[in-house]
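Colleague: Sequence and predicted model, in that order:
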There are 2 protein chains.
Amino acid sequence: MNSVVVGVDLGGTNVKTAVVARNGRLLGKDSRPTRATEGPDVVIDTMVASVELALEHAGVDPSDLRAVGVGAPGPMNWRTGVVFSPPNLPGWSDVPLAELMSERLSVPVFVDNDANVACWGEFWSGAGREVDSLVCLTLGTGVGGGIVVGGRLVRGIDGTAAEIGHICVMRDGRACNCGAKGCLEAYASVTGMVRTALEGIDAGRPTMLTRMCGGDPALIDGKMISDALQQGDEFAAWVMRETAIWLGTGIGSLINLLNPEMVVLCGGMIAAGDVLFDPIRETALAQSFEVPGQRAQIVPAGLGADSGVIGAAGCALQRYEEEH
Amino acid sequence: MNSVVVGVDLGGTNVKTAVVARNGRLLGKDSRPTRATEGPDVVIDTMVASVELALEHAGVDPSDLRAVGVGAPGPMNWRTGVVFSPPNLPGWSDVPLAELMSERLSVPVFVDNDANVACWGEFWSGAGREVDSLVCLTLGTGVGGGIVVGGRLVRGIDGTAAEIGHICVMRDGRACNCGAKGCLEAYASVTGMVRTALEGIDAGRPTMLTRMCGGDPALIDGKMISDALQQGDEFAAWVMRETAIWLGTGIGSLINLLNPEMVVLCGGMIAAGDVLFDPIRETALAQSFEVPGQRAQIVPAGLGADSGVIGAAGCALQRYEEEH
């Protein structure tokens, strides 16, 4: 039977869709603007259209579709597929996303946290496909995460587990968007990296960023820091290293806590390569016990930008198979 | 069948033993000095004698004994029951403890990390007997821990998981015995609490501890701080509150990471009661998301000082049943 599953990555900007075989092979894709400002009905229309077009691109008959998985920004009830009110999806309030999409597509639809599906994607057919346990960090505006232990996602009793961005790495540290202080996200996200840069500039440290932003530090973003780094700016290198040390500190804690086989990093920031990974690995080793520290490989995502969309398909496949 | 299991808590000072029914009911106990300085052979003789006497105390025929579980200080290989070289068991080096005790007692013997067995005891028949997931912290000279997810201990690929004392709560913070910096244990263990007191005294803060220690701060210990607290010393209250805030900070991270139903605290320190638990709960709530923060009950051990010895029996029972 040539049955397939489809994964949908519901972002605030774009909807990405992938048709995936049961063995994890990617068969076809689609991508289009989310049109988030037009509200949930339009977004759901967009997703349904994207699923149908992706199947067409893949040359798959819609009758071969078994299930659809959606990776959505939290918070949500992953069991019922109701999405509460994600900050980057205006007008959403307790939307029964799984039910609404299932009615339209006539197959079971499973909704999961976007960081959990990215983690599952890496576990199922990415960097972690040979291991049984891993921790995954998604580095972007925030720091998301997923945890696999014994071949299963650790979801927690309310489905809120694996908020890796919100472990405290500095008591009474930076205020985090979540309301707590000193969270990993406040230092190690792209936003946190920019804050580190702004603090350094405020402290009078010289950098070409001052010129690049035309004297308006509010314009500094991750891309600009990355550009300055490429051009040999020492301050930008320090900012990247600081970000990596914070990440390594958090990862060292995760290694001591979970003794995983692998730590996978996802998100645009990982394009920095060794400049980022070397101090992460060095710090994580210094901050963890020898046996688990040596054990845990710290690696970039194997699926690049597709961890989420492939993982959404994989999560749906696993949940479909458990129910059938 | 009236079959029983026996748990042994192998400490550096005392060996404690308990005979436990399959339903978790305690049937009889024994306790005696470990005689750790006399080396592994004497310690093993001590444990065997303790198991035999505990059975006698419980009025259980030795033929009804199915398995023995030992909670031992790490590091170790929990699968093979080989104990490497625990700091508080001099002369131990790769001792095949499970095998040696099994030969003497003619039943399967299972060895586990002492913090894991305490966690399992609380899960099996203590504070957490109604829940499916919990995190357990044992507060003593160090901070140990155990994690149960989906009804199973999270052990990690090498069996080193749940080193809750060694999550970093303060980048570049206090040097920890493990070689890392800013570990929870460096602040929230009894030793960490004493360090907090010494730092405060060094900074010139007034306290009756200065008098109580006869001018020699090296004599200050957890008991003395607790006594000063009882006598209304404000500095001792501050020390306890600081310790609780560090604990709450670490627990907040664990709640965000694992979304457990319960967090159980074990160890002599919990006798402080609300003075300790109130600021722990307050800090953990402030440092975690609302849903998991409200969910996780933070409670004292239900088995008091017996979490370890009952848990060692429970771990052995579970492993015996999985093998038979």
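Modeller: It's in.

Colleague: list the contacts for the closest residue to chain B within the stretch 201-324 of chain A?
Modeller: Nearest residue of the stretch 201-324 of chain A to chain B, counting by C-beta to the nearest C-beta: A:Asn259, 2.3 Å away. Heads up, the C-betas are built off the backbone N, CA and C, glycines and all. By C-beta atoms under 8 Å, 6 or more residues apart in numbering or on different chains, A:Asn259 lies in contact with A:Ser133, A:Val291, A:Pro292, A:Arg295, A:Ala296, B:Arg155, B:Gly156, B:Ile157, B:Asp158, B:Gly159, B:Thr160, B:Ala161.

Colleague: neighbours around the closest residue to it other than its chain neighbours, how many?
Modeller: Leaving aside its chain neighbours, A:Asn259 sits nearest to B:Gly156 (2.3 Å; criterion: C-beta to C-beta, 6 or more residues apart in numbering or on different chains). Look at B:Gly156: counted by other C-beta atoms under 10 Å in any protein chain shown, it has 24 neighbours.

Colleague: Next, the buried residues of stretch A:281-293.
Modeller: A:Arg281, A:Thr283, A:Ala284, A:Leu285, A:Gln287, A:Ser288, A:Phe289, A:Val291, A:Pro292, A:Gly293 (16 or more other C-beta atoms under 10 Å in any protein chain shown).

Colleague: Find me the pLDDT at the residue nearest to A:Asn259, would you?
Modeller: pLDDT for B:Gly156: 97.

Colleague: And for A:Pro75?
Modeller: Looking at A:Pro75, its pLDDT reads 88.

Colleague: List phi and psi for it.
Modeller: phi -80, psi 160 (degrees, to the nearest 10).

Colleague: can you check A:Ala197 too?
Modeller: Note on A:Ala197: its backbone torsions stand at phi -60, psi -50 [degrees, to the nearest 10].

Colleague: got it, and A:Ile310?
Modeller: Per degrees, to the nearest 10, the backbone of A:Ile310 is at phi -70, psi -40.

Colleague: Was I right to think it contacts A:Val19?
Modeller: No. Counting by C-beta atoms under 8 Å, A:Val19 is not a contact partner of A:Ile310; they are 10.2 Å apart.

Colleague: Common neighbours of these two, please.
Modeller: Joint contacts of A:Ile310 and A:Val19 (C-beta under 8 Å, 6+ apart) are A:Leu26.

Colleague: more neighbours, those two?
Modeller: Shown here are A:Ile310 and A:Val19; by other C-beta under 10 Å, A:Ile310 has more neighbours (30 against 26).

Colleague: Tell me how many other residues crowd A:Glu122.
Modeller: Using other C-beta under 10 Å, A:Glu122 has 32 neighbouring residues.

Colleague: host element of it?
Modeller: If you go by DSSP states H and E, A:Glu122 is part of helix A:114-125.

Colleague: Give me the helices and strands touching that helix, please.
Modeller: Applying 3 or more C-beta pairs under 8 Å, 6 or more residues apart in numbering or on different chains; DSSP states H and E, one finds that helix A:114-125 contacts strand A:4-10, strand A:65-72, strand A:134-139, strand A:143-149, strand A:152-153, strand A:262-266, helix A:307-323.

Colleague: can I get the ones you listed in TSV with distance to B:Val263?
Modeller: Putting the helices and strands packed on helix A:114-125 into TSV (distance: least, C-beta to C-beta, whole Å) gives the following:
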stretch	distance to B:Val263
strand A:4-10	33
strand A:65-72	29
strand A:134-139	21
strand A:143-149	17
strand A:152-153	21
strand A:262-266	25
helix A:307-323	28
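
Colleague: Looking at those, which one is packed in the most?
Modeller: Among these, strand A:4-10 has the highest mean neighbour count (mean count of other C-beta atoms under 10 Å in any protein chain shown), at a mean of 30.

Colleague: What strands line up against that one, and which way round?
Modeller: Its sheet considered, strand A:4-10 pairs with strand A:14-21 (antiparallel), strand A:65-72 (parallel) by DSSP bridges.

Colleague: circling back to that earlier point, tell me which ones among the buried residues of stretch A:281-293 also neighbour chain B, please.
Modeller: Among the buried residues of stretch A:281-293, the residues that sit close to chain B (C-beta under 8 Å from any C-beta of the partner chain) are A:Gln287, A:Ser288, A:Phe289, A:Val291, A:Pro292.

Colleague: so of those residues, which ones are in strands?
Modeller: Among those, DSSP state E puts none in strands.

Colleague: Any idea what A:Met76 is bridged to?
Modeller: Residues in a beta bridge with A:Met76, per DSSP bridges, are A:Val83.
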